[in-house]
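In: Fold the following.
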Amino acid sequence: MSGGVDSSVAAVTLQQMGYQVIGITMKLWDMPADSPAPLKGCCSQEDSYNAASVASKFGFPHYTLNLEAYFKREIIDNFISEYRAGRTPNPCVKCNASMKWGALWRKKEELGLDYIATGHYARIVNENDEPALLKAVDSSKDQSYALWAVPYERLADTLLPDGDFTKREIRRKAVEFGLSNAQRQESQEICFIPDNDYPGFLLKNGIRLEPGEIVDIDGIAVGEHHGYQHYTIGQRKGLGGGFKHPMYVFEIDPAQNRIYIGPKESIIYKRIEVSGMNWLTNDIPKSEFTAEVKIRYRDIGRKALVYPMKDDRCSIYFPGGAEAPAPGQSAVIYFGDRVIGGGIIDRAGEWMMEGK
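Out: A predicted model of the protein is given here:
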């Protein structure tokens, strides 16, 4: 229970369905004392109080687990090292696998509980005698993309009650339950960077932002950047001006401290290489197949040919091209509404640009 409306409604809904509920809040991170007053981390003391008040109101136990050291080692340190390498990580994906279905799962086992439940907007149903992870009913809130790394064997003992409702319905239920956080505003930022200042966060954590060259598609230096960590693949802002056409970042070279820019066509790729595949099915594909693939959280997805490879890798080919696949982000594979698997984008290849 994060203290927010989604997990609070999930807990109360399950209790009303007849489950014996225990609320657990993971204290993962908190804003430093010198941070601006309006900014708070998502796992603050106040959040724990909010979760505990819901548990008290409905008469079920609540505990807070201090996992700050583990979170720093598993999530924050990885986030910093990925940016140092010129990649664009998605810490929420790793947090779900390592923290919620990792550290929290171990606590579930320790307490002898049957299920883990969260307030994620996704669904788990039984298909052909196996659990299947599906998109949420509310497509605008769907979080199935961020759950691809959950160990498949743990889906059967996972409950996601919010996935069957729209956000509006969840807020309505919160009002009916008399929850004080019913209208609480959602945070859209990473929990440990609530001000969305990535460069500032990296600087405070030992990454120096050195100026370097901005190089065009022909290898000509056309400007200067103020630290490659400011940029991600597909970015258009912050590149300077004077270009005949809009320009976009299509490559980041941390070794040479350069970013490469080109026209829109330069960020359209036909193929990506993916590692760390996690398959959410018993019938793991052995040969190529057609599916829909999303390469970022808000991506609408597109038709692709998926080629499973050895060592938990796969190659994904997009006949119509994919815009700005960023190393470090997730590629998630769908059959309709069902998540079949996912992995981390390592590299992109085969430009759509003619002659390149």
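
In: So Ser144 sits against Ile124, correct?
Out: No: applying Cβ atoms under 8 Å, one finds Ser144 not in contact with Ile124, separated by 9.9 Å. No exception for glycine: its C-beta is placed from N, CA and C like everyone else's.

In: quick one: common contacting residues for those two?
Out: 133-134 (Cβ atoms under 8 Å, 6 or more residues apart in numbering).

In: the more surrounded of those two?
Out: Ser144 (25 against 21; other Cβ atoms under 10 Å).

In: who touches the more buried one in this structure?
Out: For Ser144, the contact set (Cβ under 8 Å, 6+ apart) comprises 122, 133-136, 332, 339.

In: do that again at 10 Å, thanks
Out: By Cβ atoms under 10 Å, 6 or more residues apart in numbering, the contact list for Ser144 reads 120-124, 133-136, 160, 163, 280, 294, 332, 334, 337-339, 342.

In: Buried members of those into PyMOL, please.
Out: Of those, the buried ones go into a single PyMOL selection, burial set by 16 or more other Cβ atoms under 10 Å:
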select buried, resi 120+121+122+123+124+133+134+135+136+160+163+280+294+332+334+337+338+339+342
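
In: Tell me which of the contacts of Ser144 fall in helices.
Out: Secondary structure from DSSP state H places none of those in helices.

In: where does the protein have its least confident helix or strand?
Out: Lowest on mean pLDDT, DSSP states H and E among the helices and strands of the chain sits helix 198-204, with a mean of 87.

In: Check what contacts that helix and list those residues.
Out: Helix 198-204 is contacted from outside by 32, 76, 79-80, 83-84, 88, 189-190, 192-193, 195, 197, 207-209, 226-227, 229-232, using Cβ under 10 Å, 6+ apart.

In: Now it: buried residues?
Out: 198, 201-202.

In: where does the chain have low pLDDT?
Out: By pLDDT under 70, the low-scoring segments of the chain are 31-44, 184, 186-188, 350-356.

In: Do a quick rundown of the helices in it.
Out: With DSSP H, the ranges of helices along the chain come out as 5-16, 45-58, 68-71, 77-84, 91-95, 104-111, 167-177, 198-204.

In: Show me what the shortest one is packed against.
Out: To tie it back to what came earlier, the one meant is helix 68-71. strand 23-27 (3 or more Cβ pairs under 10 Å, 6 or more residues apart in numbering; DSSP states H and E).

In: Just the C-alphas of the strand it packs on, formatted as CSV.
Out: The C-alpha coordinates for strand 23-27 follow below in CSV (Å, rounded to 0.1, in the frame of the first residue of the first chain):
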residue,chain,number,x,y,z
GLY,A,23,-1.5,-4.0,4.3
ILE,A,24,2.3,-3.5,3.7
THR,A,25,4.0,-0.2,2.8
MET,A,26,7.5,-0.4,1.5
LYS,A,27,9.6,2.6,2.6
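
In: what are the pairing partners of it, and which direction each?
Out: In the sheet, strand 23-27 lines up against strand 62-66 (parallel) (DSSP bridges).

In: any residues touching the strand it pairs with, and which ones?
Out: 1, 11, 21-28, 43, 45, 47-49, 51-56, 99, 103-104, 107, 111.

In: what distance separates that strand from the centre of its chain?
Out: Distance of strand 62-66 from its chain centroid, counting by Cα atoms, centre = their mean, to the nearest Å, is 24 Å.

In: buried set for it?
Out: 62-65.

In: what's the answer for stretch 113-120, then?
Out: Residues 113, 116-120 are the ones in stretch 113-120 that count as buried (16+ other Cβ under 10 Å).

In: Tell me how far the residue nearest to Arg154 when sequence neighbours are not counted lies from Thr158.
Out: Leaving aside its sequence neighbours, Arg154 sits nearest to Trp101 (Cβ to Cβ, 6 or more residues apart in numbering; 5.4 Å). If you measure Trp101 against Thr158 using Cβ to Cβ, to the nearest Å, the figure is 8 Å.

In: what residues are shared contacts of these two?
Out: Joint contacts of Trp101 and Thr158 (Cβ under 10 Å, 6+ apart) are 108, 116, 118, 147, 150.

In: Narrow those to those in strands?
Out: Of the shared contacts of Trp101 and Thr158, the ones assigned to strands by DSSP state E are Ile116.
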